[in-house]
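Q: curious how this folds, go ahead:
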Amino acid sequence: MQYGETTTRTFEIRNEGLFDFKYAICDFNNEDEKAKIREERKKEAEERALGQKKEEPDPKDAKGKKLDPKAAAAKAPPPKGGKAAAEVVPEGTVVQVT
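A: As a prediction, this is how the structure comes out:
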């Protein structure tokens, strides 16, 4: 290409991993657009958190007897994924492609 010419390229974003993820494509320099995306993500995260609290069943032991909350917390399995809290990528991380 010569200076001043433009071209259009296409690409595909495909998730072939084990976990779903969300993405947004925007002009990196457009602060209003980035703020709007951050606000949408925050709202979705809050809705998910509220939904999880409502849907959690009462903890039960192996025999089906209801456990008190302290006993349930002690018997809870460790988080899946094997990553320490320090290794988790914070939400809202931006990848800039130039």
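Q: so where's the protein shaky on pLDDT?
A: 53-93, 95-98 (pLDDT under 70).
Q: now the helices for it?
A: Per DSSP state H, the chain carries helices over the ranges 31-55, 69-75.
Q: buried residues, the longest one. List them.
A: This points to helix 31-55. 34, 37 (16 or more other Cβ atoms under 10 Å). To be clear about C-beta, it is placed using only N, CA and C from the backbone, and glycine gets the same treatment.
Q: so which elements touch that helix?
A: Packed against helix 31-55, as judged by 3 or more Cβ pairs under 8 Å, 6 or more residues apart in numbering; DSSP states H and E, are no other helices or strands.
Q: now do the contacts for Asn15.
A: By Cβ atoms under 8 Å, 6 or more residues apart in numbering, the contact list for Asn15 reads Phe21.
Q: go again with 10 Å.
A: For Asn15, the contacting residues are 21-23, by Cβ atoms under 10 Å, 6 or more residues apart in numbering.
Q: for it, give me phi and psi.
A: phi -110, psi 110 (degrees, to the nearest 10).
Q: how close does it sit to Ile25?
A: Taking Cβ to Cβ, to the nearest Å as the measure, Asn15 falls 14 Å from Ile25.
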